[in-house]
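Visitor: A structural model of the following input is requested.
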Amino acid sequence: MLVAAAVCPSPPLLVPGVAAGAAPELDAVRAACSDALGVLAAARPERLVVVGPAERDRRGEHPSGTVGSFRGFGVDLDVVLGGGTAAAQAGPGESPGRELPASLAVAAWLLEHAHWAAAPVSGLGVGEPLDAERCVRTGREIAARAGRVALLVMGDASACRSLKAPGYLDERAAGFDEEVARALRTADVAALKALDAELAYELKAAGRAPWQVLAGAAEGAGLGGELLYEDAPYGVGYLVAAWS
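Guide: Residues are numbered from 1 along each chain as shown. Model prediction:
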């Protein structure tokens, strides 16, 4: 049964070491993410599932203890899903194994930064091609697991909100992001299910599939929503919400 959910953006820039001199510009986003994680902890979940976009070779389930790295972003920093250290997860002479996708590495950093200890953690990387029906079905399966389940849903809105955005300016982007923000604010499951996957792809909205997993998990849960942050720094839509 789903008892709470938090929605956070997933740019590696949330990690201050990656953002470097620009780190203070995202302090408000980090604070909102911390508040959202507080809502999850207050719901007393028995397990937390982190869902985020993933590249092809990192899709699927990631158990607690899976290692993520920000070395590809020029920072000598590793994180571990569920806490601990990379060295502790591998035996002598062993490598930690398959790495977390970037979105789940950011989630692991957020959880570590928030000193998460409320429940065991596992991860799920979902691919952009995953259609809405499959996303919703996946969410239902997560919610059907035994006990009280919480979700941490990672993913950005459109990346086309300005001329300097990664996807350049697209006039459709603001409207798309506004609809997602409204759905997250009101915990509108139907609206999340109805998001246009093709439009989301064109607008480089990496959060589409994870949000639709949330929609499936939240069916019948009766959760209310609160939008904690909404802005588009660097031309990318960042949204933070909490459902409880």
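
Visitor: report the separation between residue 114 and residue 183.
Guide: Remark: distance between residue 114 and residue 183 (C-beta to C-beta, to the nearest Å) = 25 Å. C-beta coordinates here come from the backbone N, C-alpha and C atoms, glycine included.

Visitor: so for these two, which sits in the more crowded spot?
Guide: Neighbours of residue 114 and residue 183, each counted by other C-beta atoms under 10 Å, are more numerous for residue 183; the result is 24 against 18.

Visitor: tell me how far the helix or strand the more buried one falls within lies from the chain's centre.
Guide: Under the criterion of DSSP states H and E, residue 183 resides in helix 173-186. For helix 173-186, the gap between its own C-alpha mean and the chain's C-alpha mean amounts to 16 Å (C-alpha atoms, centre = their mean, to the nearest Å).

Visitor: show me what the helix or strand just after that helix is packed up against.
Guide: Going down the chain from helix 173-186, the next helix or strand is helix 189-193, by DSSP H and E. Under the contact criterion of 3 or more C-beta pairs under 8 Å, 6 or more residues apart in numbering; DSSP states H and E, helix 189-193 touches helix 173-186, helix 208-218.

Visitor: now do the strands in the chain.
Guide: Secondary structure of the chain (DSSP state E): strands at 2-8, 47-53, 60-62, 67-69, 78-80, 121-126, 149-154, 225-231, 238-243.

Visitor: what's residue 9 sitting at in phi/psi?
Guide: phi -70, psi 160 (degrees, to the nearest 10).

Visitor: tell me the centre residue of the chain?
Guide: Residue closest to the average C-alpha location in the chain (C-alpha atoms, centre = their mean): residue 154, at 0.8 Å.

Visitor: quick check: that residue touching residue 106?
Guide: Yes - in this structure residue 154 lies within contact range of residue 106 using C-beta atoms under 8 Å: 6.5 Å.

Visitor: shared neighbours of those two, which are they?
Guide: By C-beta atoms under 8 Å, 6 or more residues apart in numbering, residue 154 and residue 106 have these common neighbours: 8, 10, 52.
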